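Trainee: Quick one: sequence plus predicted model below, questions after.
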Amino acid sequence: MAERIARCYVATMASLLSTFILPIAVAAVALVLLFGLINMMRGGSPNTSQKLNRIYTRTGDDGTTALGSGERRPKYDLRIAAYGTVDETNAAIGVVRLHLNDARDLDAMLGLIQNDLFDLGADLAVPQREGKNKSKAERLRVQASQVERLERDIDGLNANLAPLTSFVLPGGTPAAAYLHLARTICRRAERMMVELAANPDEPVNDAAIHYMNRLSDFLFVASRAANHNGAGDVLWVPGQNR
């Protein structure tokens, strides 16, 4: 009799465990992992190099924003506009990559470029200073080696392209069209950077300007690569509609 009661008790507890207790335990573990992930994304991990504990700070409500050096500038300031336009370039490249499922090599190149553009934005956000005015934040500058990598990628893509017989109109495949959009935004960012550098009080890293100049060339060549290596290019016909 006692043995039968014991077996019933064990069976009942096993049923409770599988029906209620185990799912609750799994859910609890999942919640712990979820909150840990959220905390890490918000900058709670001690191993993250940049902590973003809060998204809004209200410090920009007066129409100013802070450079990486801590200096505050109006949001219409040319330096702010320059690295904001670099960010626009990066966002446009992100859209391009949605259309490159069958072009993994090009997608990988663009992934490296997106990271470079964050480097470049950080570079612009901390004006180069010398001597006593040199900021402790000056730790990340675009390097000539990044420009050289772009040049190698341009040469590699260009080697497979059909010769051009006219200027190219933005279009063709979705990826090609968005690459042209990214190219024009890149050109705008470069123009702003050159204008900024013309002011003696607003130093700009030469390698950063070289990078943006080379990037627009890369995006043009990449647009042709995305148009079946130039076979799908939409060509300009001068005076066609007169």
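Mentor: In hand now; what should we look at? Numbers count the residues shown, from 1 in each chain.
Trainee: Count the neighbours of Pro163 for me.
Mentor: When neighbours are counted by other C-beta atoms under 10 Å, Pro163 registers 5. (Glycine included, C-beta is placed from N, CA and C.)
Trainee: tell me the pLDDT at it?
Mentor: pLDDT for Pro163: 90.
Trainee: where does the residue nearest to the spatial centre of the chain fall, helix, sheet strand or coil?
Mentor: Residue closest to the mean C-alpha point of the chain, counted by C-alpha atoms, centre = their mean, is Gln114 at 3.9 Å. Assigned by DSSP: H, G, I helix; E, B strand; the rest coil, the conformation of Gln114 is helix.
Trainee: So what's the residue count around Ile113?
Mentor: 24.
Trainee: Surely it touches Leu215?
Mentor: Yes. Between Ile113 and Leu215 there is a contact under C-beta atoms under 8 Å: 6.7 Å.
Trainee: Am I right that Cys186 sits in a helix?
Mentor: Yes. According to three-state DSSP, Cys186 belongs to a helix.
Trainee: I'd assumed Leu219 was in contact with it.
Mentor: Yes. The pair Cys186 / Leu219 is scored as a contact, 6.1 Å apart, by C-beta under 8 Å.
Trainee: So which of those two has more stuff around it?
Mentor: Using other C-beta under 10 Å as the criterion, Cys186 and Leu219 rank with Cys186 on top: 29 against 26.
Trainee: ok, back up a step: now do the shared contacts for Ile113 and Leu215.
Mentor: Contact criterion C-beta atoms under 8 Å, 6 or more residues apart in numbering; residues bridging Ile113 and Leu215 by contacting each: Leu150.
Trainee: mind giving me the domain split of the chain?
Mentor: According to automatic domain parsing, the chain comprises the domains 1-45, 66-235.
Trainee: Give me the next element, helix or strand, following the helix or strand bottoming out on mean pLDDT in the chain.
Mentor: Every helix and strand of the chain was ranked by mean pLDDT, DSSP states H and E. The lowest is helix 22-41, at a mean of 40. Per DSSP states H and E, the first helix or strand lying C-terminal to helix 22-41 is strand 64-66.
Trainee: now that next one: how far from the chain's centre is it?
Mentor: Chain-centre distance of strand 64-66: 21 Å, with C-alpha atoms, centre = their mean, to the nearest Å.
Trainee: What helices and strands are in contact with it?
Mentor: strand 72-74 (3 or more C-beta pairs under 8 Å, 6 or more residues apart in numbering; DSSP states H and E).
Trainee: Please point out which parts of the very next helix or strand once past the strand it packs on sit buried.
Mentor: Moving toward the C-terminus from strand 72-74, the next helix or strand (DSSP H and E) is helix 78-97. Neighbour-count burial for helix 78-97 flags 79-90, 92-93, 96-97 (criterion: 16 or more other C-beta atoms under 10 Å).
Trainee: Alpha carbons of helix 78-97, as CSV, please.
Mentor: Extracted in CSV, the C-alpha atoms of helix 78-97 (Å, rounded to 0.1, in the frame of the first residue of the first chain):
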residue,chain,number,x,y,z
LEU,A,78,29.1,73.0,-40.9
ARG,A,79,31.1,70.3,-39.0
ILE,A,80,27.9,68.8,-37.6
ALA,A,81,26.3,68.9,-41.1
ALA,A,82,29.4,67.2,-42.5
TYR,A,83,29.4,64.2,-40.2
GLY,A,84,25.6,64.1,-40.3
THR,A,85,25.9,63.7,-44.1
VAL,A,86,28.5,61.0,-43.7
ASP,A,87,25.8,59.2,-41.5
GLU,A,88,23.3,59.7,-44.4
THR,A,89,25.8,58.0,-46.7
ASN,A,90,26.0,55.1,-44.3
ALA,A,91,22.3,54.8,-44.1
ALA,A,92,21.9,54.7,-47.9
ILE,A,93,24.5,51.9,-48.1
GLY,A,94,22.5,50.0,-45.5
VAL,A,95,19.6,50.1,-47.9
VAL,A,96,21.8,48.9,-50.8
ARG,A,97,22.8,45.8,-48.8
